[in-house]
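Visitor: pasting a predicted model and its sequence here:
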Amino acid sequence: MIEVVLDWRNLPPELKGAAVAIGAFDGVHRGHQAVIAEAARAARALSAPLAVVSFDPHPRRWFQPAAAPFRLMTPAQMARSLAPLGVERLYLLPFDGEMAAMSDETFARAVLADGLGVRHAAVGFDFTFGKGRTGSPEALRRYGADLGFTVSVADRVDDAGGLKLSSSAVREALHAGDMARATAILGRPFAIEGEVVHGDKRGRTIGVPTANVPLGDYMRPAFGIYAVRVRLPDGRRFDGVASLGVRPMFRTDEPLLEVWLFDFSGELYGQTVETELVAFLRPEMNFDDLDALRAQIDRDAADARAVLS
């Protein structure tokens with residue numbers, strides 16, 4: 001299991017000396033994976049641990065506290081997605097007033113060299129750091145030469161078909177309900193993880209009990225009905241169909257993910273589940289009555305089963 005370190009200060013020697021990839025890495029998409037691969041090559045050459053340096057909260061949230069929800073994953077999802085890439089350690093550093101005020105040189109010296117004791121730093125071609133985003137990959141190379149660590153820069157990576165591999169491109173795909181494109185960029189389906197909360201339990205009255213998950217700071221994909229796969233805390237996985245949105249017939253104040261797990265019985269309240277949005281089936285709709293709603297849910301379930309099979 002990947003080791004998560006939550007600060008750069010006062011670390012023991014055994015938590016220092018890694019080859020690191022640095023970035024926000026929201027989504028850990030295929031472009032991010034190219035940066036991590038650069039760090040992995042250095043880690044092998046140096047016989048050093050492979051680590052990722054990221055930040056919580058996302059710097060964008062710190063600088064734009066009123067921004068609309070935009071995250072593609074939680075820190076727990078990030079850690080899980082890094083493990084198959086061979087990453088041994090995640091430095092999830094607090095992005096606070098102190099971090100925001102650091103110059104690029106101070107970040108290189110205080111955080112990377114003195115704090116983490118990095119031996120190598122890999123960054124993307126468009127990496128910026130320090131107050132006012134004054135630092136660049138070239139500046140990091142200069143600082144590294146003075147401070148005792150090497151630096152490599154990953155070139156921009158796009159799909160052979162011209163698909164842009166970026167977090168913004170993932171968000172565009174999700175906003176459009178294009179789950180195939182989002183999956184192609186991420187290298188896996190986009191997934192929402194959260195705690196199951198009590199709802200109005202109306203679904204039970206029509207034989208469709210749902211697990212309700214608030215969206216929190218996740219970006220809002222296209223509202224509508226999705227074919228989904230759900231991972232439970234015990235590792236079991238279930239196919240299902242989900243409504244994501246504000247339910248025009250029984251409108252909610254905040255968007256909600258409501259998932260009907262096929263062939264599942266039991267209670268999930270208070271448990272954390274992860275729901276992969278595999279395919280967008282249709283937009284949200286209004287209905288004249290519960291019978292019409294139930295008939296449409298049956299059609300949606302059949303469509304979801306067909307897609308997931």
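Guide: That came through, no problem.

Visitor: okay, strands next: where are they in this structure?
Guide: Counting by DSSP state E, the segments of the chain that form strands are 3-5, 19-22, 50-56, 89-94, 120-124, 150-154, 191-195, 211-214, 224-231, 237-245, 256-261, 272-283.

Visitor: tell me the average confidence for the first one?
Guide: If you average the pLDDT over strand 3-5, you get 98.

Visitor: which strands and helices lie in contact with it?
Guide: In terms of contact count using 3 or more C-beta pairs under 8 Å, 6 or more residues apart in numbering; DSSP states H and E, strand 3-5 is assigned the packing partners strand 89-94. The way it works is simple: take the backbone N, C-alpha and C, and place the C-beta from them, glycine included.

Visitor: tell me which residues in the strand it packs on are buried?
Guide: 89-93 (16 or more other C-beta atoms under 10 Å).

Visitor: what does stretch 252-260 give?
Guide: In terms of neighbour count (16+ other C-beta under 10 Å), stretch 252-260 has its buried residues at 255-260.

Visitor: most packed of the strands of the chain?
Guide: The highest average neighbour count among these, using mean count of other C-beta atoms under 10 Å, belongs to strand 19-22 at a mean of 28.

Visitor: dump that one to CSV, keeping only the CA atoms.
Guide: This file holds the C-alpha atoms of strand 19-22, laid out as CSV (Å, rounded to 0.1, in the frame of the first residue of the first chain):
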residue,chain,number,x,y,z
ALA,A,19,12.8,10.6,-6.9
VAL,A,20,9.6,12.6,-7.2
ALA,A,21,7.1,13.7,-9.7
ILE,A,22,5.6,17.1,-8.8
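
Visitor: partners of that strand, with directions?
Guide: In the sheet containing strand 19-22, its partner strands are strand 50-56 (parallel), strand 120-124 (parallel), by DSSP bridges.

Visitor: the strands of the chain into JSON lines, with extra columns for distance to residue 165?
Guide: Listed next are the strands of the chain as JSON lines, based on distance: least, C-beta to C-beta, whole Å:
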{"stretch": "strand 3-5", "distance to residue 165": "25"}
{"stretch": "strand 19-22", "distance to residue 165": "15"}
{"stretch": "strand 50-56", "distance to residue 165": "17"}
{"stretch": "strand 89-94", "distance to residue 165": "21"}
{"stretch": "strand 120-124", "distance to residue 165": "11"}
{"stretch": "strand 150-154", "distance to residue 165": "11"}
{"stretch": "strand 191-195", "distance to residue 165": "18"}
{"stretch": "strand 211-214", "distance to residue 165": "28"}
{"stretch": "strand 224-231", "distance to residue 165": "23"}
{"stretch": "strand 237-245", "distance to residue 165": "24"}
{"stretch": "strand 256-261", "distance to residue 165": "26"}
{"stretch": "strand 272-283", "distance to residue 165": "19"}
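
Visitor: now stretch 261-276: mean pLDDT?
Guide: Rounded to a whole number, the mean pLDDT of stretch 261-276 is 95.

Visitor: could you do stretch 236-244 as well?
Guide: For stretch 236-244, the per-residue pLDDT values average out at 97.

Visitor: contact partners of it?
Guide: With contacts defined as C-beta atoms under 8 Å, 6 or more residues apart in numbering, stretch 236-244 is touched by 210, 215, 221-232, 255-264, 275, 277, 281, 284, 297, 300-301, 303-305, 308.
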